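K.L.:
When you get a sec, could you give me coordinates for this:
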Amino acid sequence: MNNPNPASLGSMAATILNQLTADLAPDAQRFFTEPTGIHAPLLVLRKRDVLFGPIFLVGHQMKPKTRTSEALYDPQVTLLRVASGDWVPLSIVTPFRTLATARASGNLQVMDPAEHERLVHRVNVWMRNVELARYPLPSGVVVERRRIGALGAHAAE
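P.N.:
Okay, the predicted model is just below:
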């Protein structure tokens, strides 16, 4: 079976994820809310470390409509930070679909290369939106905000 190397995120997305996950211990989580309240809170959770590196969940958490409802995440992305520092998206969950394109159990495998490329692109664009929302980052984290050019300028990274 031909198993290509999984594609990783662009440098802009990696910078944002490095800032969001800085000094986050295994099984720890952080919530970020942006000042205007327009955007849903952002949950960042370091799940566990595997052979290839730590696995994180990042997602926008929507408040439930009733007390018995579970929180809704749109999207929720599972990411692996490999030893080189690259970020590899493994899966995404939305209210309408769950899609796993790669896995990190035993070995790092891409299960659907075309879908994996689409997921990489989507996460790159989403991280640009997270940057634009100006979520306050953990204290002590140096924020290197860059001026974002025309819409889609970083999508190809």
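
K.L.:
Could you give me the buried positions within the lengthiest helix in the chain?
P.N.:
In the chain, taking DSSP state H as the definition, the longest helix is helix 113-133. Of the residues in helix 113-133, 113, 116, 119-128, 130-131, 133 count as buried by neighbour count, 16 or more other C-beta atoms under 10 Å. Every C-beta, even on glycine, is put in place using the N, C-alpha and C of the backbone.

K.L.:
Go through those residues and name the one nearest residue 49.
P.N.:
Distance to residue 49, by C-beta to C-beta, is smallest for residue 123 among the buried residues of helix 113-133, at 20.6 Å.

K.L.:
For the closest one, give its distance to residue 99.
P.N.:
Applying C-beta to C-beta, to the nearest Å, the value for residue 123 to residue 99 is 12 Å.

K.L.:
just residue 130 next, same as before
P.N.:
20 Å.

K.L.:
Likewise for residue 6?
P.N.:
When residue 6 is compared with residue 99 (using C-beta to C-beta), they lie 14 Å apart.

K.L.:
neighbour-wise, which of these two wins?
P.N.:
Higher neighbour count among residue 6 and residue 99: residue 6, with 25 against 17, using other C-beta atoms under 10 Å.

K.L.:
so that one, which of the three states?
P.N.:
State at residue 6, reduced to three classes by DSSP: H, G, I helix; E, B strand; the rest coil: coil.

K.L.:
you'd agree it is up against residue 108?
P.N.:
Yes: between residue 6 and residue 108 there is a contact under C-beta atoms under 8 Å: 6.1 Å.

K.L.:
which residue ranges form the helices in this structure?
P.N.:
Along the chain, counting by DSSP H, helices occupy 11-21, 113-133.

K.L.:
JSON lines for those helices, including mean pLDDT and distance to residue 43?
P.N.:
Listed next are the helices of the chain as JSON lines, based on pLDDT from 0 to 100; distance: least, C-beta to C-beta, whole Å:
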{"stretch": "helix 11-21", "mean pLDDT": "92", "distance to residue 43": "10"}
{"stretch": "helix 113-133", "mean pLDDT": "91", "distance to residue 43": "12"}
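
K.L.:
out of these, nearest to residue 91?
P.N.:
Residue 91 sits nearest to helix 113-133 of all those, at 7.9 Å, using C-beta to C-beta.
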